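In: Let me see the structure of the following:
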Amino acid sequence: MTLDSARLAPMANAIRALSMDAVQAANSGHPGMPMGMADVATVLFSQFLKFDPKAPKWPDRDRFVLSAGHGSMLIYALLHLTGYEAPSMADIRNFRQLHSPCAGHPENTELAGVECTTGPLGQGLAMAVGMAMAERHLNAVFGNGLVDHRTWVVAGDGCLMEGINHEAVGLAGTLKLGQLNVLWDDNRITIDGDTSLSTVEDIAARYTASGWHVTRCDGHDFADIARALAEAAADPRPSLVACKTVIGQGAPNKAGSHSVHGSPLGADEVAATREALGWTSPAFEVPAEILADWRSLGVKGAAARAEWEARLAADPQGAEFSRRMAGELPADKSAARDYMASLVANPPKVATRKASEMALEALTVAIPELLGGSADLTGSNLTKTKATATFSANDYAGRHVHYGIREFGMAAAMNGMALHGGVIPYGGTFLVFADYCRNAIRMSAIQHARVVYVLTHDSIGLGEDGPTHQPVEHVMSLRTIPNLLVFRPADAIETAESWALALKQANRPSVLALSRQNLPPVRFEAEMKTAKGAYRLKAAEAARQVVLVASGSEVEIALASAAALEAEGIGADVVSMPCWELFDEQDAAYRAGLLPAGVLKVSIEAGVTLGWQKYVGDGLAIGIDRFGASAPADQLYDYFGLTADKIVPQIKARLG
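Out: Predicted structure coming up:
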């Protein structure tokens, strides 16, 4: 639908009015960006974006990502004006208030029209790269009839300055994601002031050098905006559209100033803006004729959706496509059962990173929506299987991504894939480099995204690479993130169980912390014990005096310590605890039965001891509360006291 400028201008001013009124009522927020990008957004939604407000989860809709999430009133205004069920005008009146879906930054769990939670600058754009990757992959598998949509991003100067932007842009250019279009709010303003305070970068040149198409437009000229967006849509490369805008456009005294970036306009400036725009309606009211123009945009989306639904019903792959988009795992579980049976029959002594690869060999055949990758550590993380060809610009049907040395970009892209739907992403790097992508892992948890992080080389057991590569605080640090499952399996069976559990988590991400060094089997039956988070691996033979609790590579040390204690008549349970979070979800009786009162409880883990006190109380927490060292793994375990010979005397001394 094409509307002339005489009708587009008041439509854009409706965005401006709602934005300044909501921020003013909250006495908090960022009015400048939505006022500055109102014209661009109006052209995008009226002429280019494929959407249906009555079906916000329609799989073949275009994805709209507000990477500059601080300007959240832009998307709230757009969703309301175009006729989404929420937010209502009452919600907008309560902008930034407790329980309002119009949160300070857009949250995908609050509003159906918000594709991803944004606010941490740069991550929205990076997630959009993942969405574009998912679209191209599903298009390659299911064809244009079912999958053919674009991803549109509104990003600000801050998004383009963040380091993750360099990672995301490089990845998108390499993969030639031509369905991705970024609309840069080129207002040259940040919180501190003019961008010249902090950068002289030629952003357009950087994008061009990264394989992008770049064009420019006057962000307040409707015809020029439409010309640039059409050019972007037509180009086979990912596109950056530099929209030259004025922050706070319409505010006669504050437009163009950083003062309008993150503060209300103030009552006087709101009144002056109304006069300058010719906007006579009271706060939170939109004239009927303007609202009708906005609501009319949904009609074309409804027609496009109906045509798509007819194609879906007629497509022989329609049921499989619908299953994947619904996030349902395949019904056939025989491959997983057969693999688990093989482990029971022939328990291997392997590193858990190798056990992960072995599990993935079965899983990537059985679950075709698994799409993996690694940040340039494929041969170390062991994420590529025989069933997963390389995902590339030459083969979007491939299922293994070479992300390059872009840990943060990888993690954010995986969030975008998961939120797009139709794929289950997993990606690998060294556990110590989780710090590079930590905020994206946190965003996985906030967004309830099913992403699996394969983090290998999980302790001093990696050996000679030394303290820069040996994680000691990382597992514990990751356990502090809400809604994240952290698995640290002890052998191949626990690893397979961890993978099965991670894939079942439709609404939360998982970390698999995996060893570099070989570990002996400690489990010899296929009962799903990891689902409890912790379980009794060995019961005391003599009268129980101590419970040893361990995870991962230290479970074998706990078993050796228990054997030495039993030899001296001291009864010792061994509890394997591969996942704290799942254990904490068990009922009180189960937890108390595993960690009973009245006995000494001892934790053993090759990492910081902070946190284990919640389980061992005033018992012993044995670990490493300093950085590691460069040496072979067995020497390091002895040096840091993580051997039965050095643990048993401490237990006996405590028992008295």
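
In: ok, longest helix in the chain?
Out: Counting by DSSP state H, the longest helix found in the chain is helix 288-314.

In: Beyond that one, next helix or strand please.
Out: Counting by DSSP states H and E, the next helix or strand C-terminal to helix 288-314 is helix 318-326.

In: Buried residues, the longest helix of the chain. List them.
Out: Within helix 288-314, the residues that count as buried by 16 or more other Cβ atoms under 10 Å are 290-291, 293-294, 297-298, 301, 304-305, 308, 312. Heads up, the C-betas are built off the backbone N, CA and C, glycines and all.

In: between that helix and helix 318-326, how big is the angle?
Out: Taking axes from the mean of the first three to the mean of the last three Cα atoms, to 10 degrees, one finds helix 288-314 and helix 318-326 inclined to each other by 130 degrees.

In: residue boundaries of the strands in the stretch 401-550 of the chain?
Out: 424-430, 452-456, 485-487, 510-514, 518-519, 535-538, 544-550 (DSSP state E, counting those that start in this stretch).

In: ditto for the stretch 551-656 of the chain
Out: 571-576, 600-604, 620-622.

In: Compare the ones you listed and report which one is nearest to residue 531.
Out: strand 571-576 (12.6 Å; Cβ to Cβ).

In: May I see the buried residues of that closest one?
Out: 571-576.

In: Repeat that for stretch 522-541.
Out: Using 16+ other Cβ under 10 Å as the test for burial, stretch 522-541 gives 522-523, 529-538, 540.

In: Closest one of those to residue 323?
Out: Using Cβ to Cβ, these come closest to residue 323 at residue 531, 23.8 Å.

In: Now do residue 86: how many residues are near it, please.
Out: For residue 86, the neighbour count with other Cβ atoms under 10 Å is 17.

In: so who does it touch?
Out: 79, 101, 111-113 (Cβ atoms under 8 Å, 6 or more residues apart in numbering).

In: again, only this time at 10 Å
Out: With contact set as Cβ atoms under 10 Å, 6 or more residues apart in numbering, residue 86 has these partners: 56, 76, 79-80, 101-102, 110-114.

In: quick revisit: now render the buried residues of helix 288-314 as TSV, adding distance to residue 21 and pLDDT.
Out: TSV is the format used below for the buried residues of helix 288-314 (distance: Cβ to Cβ, whole Å; pLDDT from 0 to 100):
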residue	distance to residue 21	pLDDT
290	15	98
291	15	97
293	20	96
294	16	97
297	22	94
298	24	84
301	27	93
304	33	95
305	32	97
308	37	98
312	41	98
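
In: List the buried residues of the helix or strand where residue 14 lies.
Out: Using DSSP H and E, residue 14 maps to helix 5-26. The neighbour-count check on helix 5-26 (16+ other Cβ under 10 Å) flags 8-26 as buried.

In: Need the pLDDT of the closest residue to residue 381 other than its chain neighbours.
Out: Excluding its sequence neighbours, the residue lying closest to residue 381 (Cβ to Cβ, 6 or more residues apart in numbering) is residue 428, at 2.9 Å. pLDDT recorded at residue 428 is 98.

In: which stretches of the chain aren't confidently modelled?
Out: By pLDDT under 70, the low-scoring segments of the chain are 1-2.

In: again, only this time at 90
Out: Where the chain drops to pLDDT under 90, the residues are 1-5, 298-300.

In: Now do the contacts for residue 396.
Out: By Cβ under 10 Å, 6+ apart, the contact list for residue 396 reads 133-141, 175-177.

In: which among those end up buried?
Out: The neighbour count (16+ other Cβ under 10 Å) marks 133-139, 141, 175-177 as buried among the contacts of residue 396.

In: Which two of those residues have the greatest separation?
Out: Among the buried ones among the contacts of residue 396, 141 and 176 lie farthest apart (Cβ to Cβ), at 17.8 Å.

In: hang on, the earlier thing: from the buried ones among the contacts of residue 396, which single one is nearest residue 617?
Out: Proximity of those to residue 617 (Cβ to Cβ) peaks at residue 134, which lies at 46.2 Å.

In: Spit out the contact partners of the closest one.
Out: So residue 134 contacts 63, 147, 151, 369, 371, 396, 413-414, 416-423, 425 (Cβ under 10 Å, 6+ apart).

In: follow-up on the earlier one: mind putting the contacts of residue 396 in CSV, distance to residue 625 and secondary structure included?
Out: Formatted as CSV, these follow (distance: Cβ to Cβ, whole Å; DSSP: H, G, I helix; E, B strand; the rest coil):
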residue, distance to residue 625, secondary structure
133, 41, helix
134, 42, helix
135, 47, helix
136, 47, helix
137, 44, helix
138, 47, helix
139, 51, helix
140, 49, helix
141, 49, helix
175, 43, helix
176, 48, coil
177, 45, coil
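
In: count of residues packed around the closest residue to residue 572 other than its chain neighbours?
Out: Spatial nearest neighbour of residue 572, chain neighbours left out: residue 562 (3.9 Å); criterion: Cβ to Cβ, 6+ apart. Number of residues near residue 562 (other Cβ under 10 Å) recorded here: 26.

In: OK, contacts around residue 562?
Out: Contacts for residue 562 were tallied using Cβ under 10 Å, 6+ apart; they are 537-541, 546-548, 570-574, 644, 648, 651.

In: Mind doing that once more with 6 Å?
Out: Residue 562 makes contact with 538, 548, 572, 574 under the criterion Cβ atoms under 6 Å, 6 or more residues apart in numbering.

In: For the residues you listed, work out which two are farthest apart.
Out: Farthest pair in the contacts of residue 562, by Cβ to Cβ: 538 and 548, 8.6 Å.

In: Give the residues shared as contacts by these two.
Out: 562, 574.

In: gap between residue 518 and residue 469?
Out: Distance, residue 518 to residue 469, by Cβ to Cβ, to the nearest Å: 18 Å.

In: quick one: which of the two has more around it?
Out: residue 469 (18 against 15).

In: Which residue, other than its chain neighbours, is closest to the more buried one?
Out: That would be residue 432: by Cβ to Cβ, 6+ apart, it lies 5.4 Å from residue 469.

In: Please apply the same query to residue 547.
Out: Nearest residue to residue 547, sequence neighbours excluded (Cβ to Cβ, 6+ apart): residue 573, at 4.5 Å.

In: Torsion angles phi and psi at residue 521?
Out: phi -70, psi 140 (degrees, to the nearest 10).

In: Would you agree it is in contact with residue 345?
Out: No: assessed by Cβ atoms under 6 Å, residue 521 is found out of contact with residue 345, at 11.5 Å.

In: More neighbours: the two, which one.
Out: The neighbour comparison of residue 521 against residue 345 (other Cβ under 10 Å) goes to residue 521, with 19 against 9.
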